[in-house]
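Visitor: Coordinates only, no sequence provided:
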């Protein structure tokens, strides 16, 4: 005999940050009820929530259809993206602490009496000023020590060190971003944000990991992303001045890259695929909620013709277009598989 309680309820399953969560609701519940329960049980504010649902794409509050029945979402693959309030507060606190340390170091340096030293005091001051004042991996993701080693490698990269000294860049905090938090999927494909620059160098976030958290992205791609974000320390909009500086930094970093081979950090190998295998466009979007997002400055077609930005911009647009086509094809294949799976159930 069927259980009346089960017949009057619906079970919803979704993934968040690599973990699966199950919730039970009354049969008449809506997506708004799901959003409220996520806030209560996972401490993810409603404003931070994004639901990627198979065949429906991206849904986020305020929903276009707040009364969408959960029965319409039953047995569909659902991925929840969003940071908890404590994670946002932790990042803000780390940024403020880094700024406070920078101010304290600067004040102590000004008050110190000059003393004889064999080390050039100017070089010492530049080394401690024009750098990343703090490094922090995300502690909630697997193997944070490996991410720290990756960030330390970027900080010590000879090209990055030389560029930051030349342009007098000082960044309060260098950290990694959660791939799921900055990945949006829809029927048109998947968009991956590679980096963010908050408040012109207060915090720089880099996408180090693969989407499945099982590896790390191409080191040189991440380093180019860092060059892009460093250029945002000077220029906000993706105008001609920004791209000139961005490409200048990339050239300076490449020239100073005297190391070759050896991609190991902490006795671990980082997977570095060829550039053509990266299914991510460097340039996508612009400002988002007061934060820098890679891209938005192209303003030209995605074809092979030259643009006002020069050959590099056109090449990146070609890569972006190819990535979009591959991702769209993958999404269509996934939809077909989902449809076959539902039909055989």
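Guide: Okay, I see it. All values derive from a computational prediction rather than experimental measurement.
Visitor: Domain map for this protein?
Guide: 4-81, 85-110+119-332 (automatic domain parsing).
Visitor: Can you flag the weakest of those by average pLDDT?
Guide: Across those, domain 85-110+119-332 has the smallest mean pLDDT, namely a mean of 73.
Visitor: Look at that domain and report the distance between its end residues.
Guide: End-to-end distance for domain 85-110+119-332, by Cα to Cα, to the nearest Å: 35 Å.
Visitor: Distance of residue 201 relative to residue 134?
Guide: For residue 201, the distance to residue 134 (Cβ to Cβ, to the nearest Å) stands at 12 Å. All C-beta spots, glycine's among them, are computed from the backbone N, C-alpha and C.
Visitor: any residues in contact with both of the two?
Guide: Jointly contacting residue 201 and residue 134 under the rule Cβ atoms under 8 Å, 6 or more residues apart in numbering are residue 172.
Visitor: Just the buried positions in stretch 210-227, please.
Guide: Neighbour counts over stretch 210-227 (16 or more other Cβ atoms under 10 Å) mark 216-219, 221-227 as buried.
Visitor: Closest one of those to residue 54?
Guide: Within the buried residues of stretch 210-227, proximity to residue 54 (Cβ to Cβ) peaks at residue 217, which comes in at 25.3 Å.
Visitor: tell me the contacts of that closest one?
Guide: Residue 217 makes contact with 207-210, 278, according to Cβ under 8 Å, 6+ apart.
Visitor: Which parts of this structure are helices?
Guide: 4-7, 31-42, 85-111, 121-129, 144-156, 158-167, 219-231, 240-255, 311-343 (DSSP state H).
Visitor: Kindly compare burial across the ones you listed and name the winner.
Guide: By mean neighbour count, with neighbours taken as mean count of other Cβ atoms under 10 Å, helix 219-231 ranks first of these at a mean of 22.
Visitor: can you state the direction angle for that one and helix 240-255?
Guide: With axes from the mean of the first three to the mean of the last three Cα atoms, to 10 degrees defining the directions, helix 219-231 sits at 140 degrees from helix 240-255.
Visitor: What helices and strands are in contact with helix 219-231?
Guide: Other helices and strands packing on helix 219-231, by 3 or more Cβ pairs under 8 Å, 6 or more residues apart in numbering; DSSP states H and E, are helix 144-156, helix 158-167, strand 195-198, strand 203-206, helix 240-255.
Visitor: Of all those, which one is nearest residue 187?
Guide: Once the helices and strands packed on helix 219-231 are compared by Cβ to Cβ, strand 195-198 is nearest, at 25.7 Å.
Visitor: Which strands and helices lie in contact with the closest one?
Guide: Here strand 195-198 is seen to pack against strand 203-206, helix 219-231, strand 291-292 when contacts are counted using 3+ Cβ pairs under 8 Å, 6+ apart.
Visitor: In CSV: the helices of the chain, plus distance to residue 177.
Guide: Formatted as CSV, the helices of the chain follow (distance: least, Cβ to Cβ, whole Å):
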stretch, distance to residue 177
helix 4-7, 40
helix 31-42, 19
helix 85-111, 10
helix 121-129, 25
helix 144-156, 11
helix 158-167, 18
helix 219-231, 11
helix 240-255, 19
helix 311-343, 19
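Visitor: Go through those and name the closest to residue 54.
Guide: That would be helix 311-343 among these, by Cβ to Cβ, at 5.2 Å.
Visitor: ok, the closest residue to residue 191 other than its chain neighbours - how many residues close by?
Guide: Excluding the flanking residues, the one nearest residue 191 by Cβ to Cβ, 6 or more residues apart in numbering is residue 184, at 4.8 Å. Residues lying near residue 184 (other Cβ atoms under 10 Å) number 16.
Visitor: what do you get for the one 10 residues further on?
Guide: Other residues within reach of residue 194, judged by other Cβ under 10 Å, total 27.
Visitor: Repeat that for residue 67.
Guide: Counted by other Cβ under 10 Å, the residues lying close to residue 67 total 9.
Visitor: ok, now how distant is residue 20 from residue 153?
Guide: Applying Cβ to Cβ, the value for residue 20 to residue 153 is 33 Å.
Visitor: Looks like residue 195 contacts residue 206 (just checking).
Guide: Yes: in this structure, residue 195 is within contact of residue 206 by Cβ atoms under 8 Å, at 5.2 Å.
Visitor: Quickly list what's touching both of those two.
Guide: 177, 225-226, 229.
Visitor: Check those residues and tell me the two furthest apart.
Guide: Farthest pair in those (Cβ to Cβ) is 177 and 226. Separation: 12.5 Å.
Visitor: residues shared between the contacts of those two?
Guide: The contact lists of residue 177 and residue 226 share 195, 206, where a contact means Cβ under 8 Å, 6+ apart.
Visitor: returning to what we had before: in CSV, list the helices and strands packed on helix 219-231 along with distance to residue 52.
Guide: CSV is the format used below for the helices and strands packed on helix 219-231 (distance: least, Cβ to Cβ, whole Å):
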stretch, distance to residue 52
helix 144-156, 24
helix 158-167, 34
strand 195-198, 20
strand 203-206, 20
helix 240-255, 30
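Visitor: what's the closest of those to residue 64?
Guide: Residue 64 sits nearest to strand 195-198 of all the helices and strands packed on helix 219-231, at 26.8 Å, using Cβ to Cβ.
Visitor: Starting from residue 19, give me the distance back to the nearest residue to residue 36 once chain neighbours are set aside.
Guide: Distance criterion Cβ to Cβ, 6+ apart; nearest residue to residue 36, sequence neighbours excluded, is residue 46 at 7.3 Å. Here residue 46 is placed at a distance of 20 Å from residue 19 (Cβ to Cβ).
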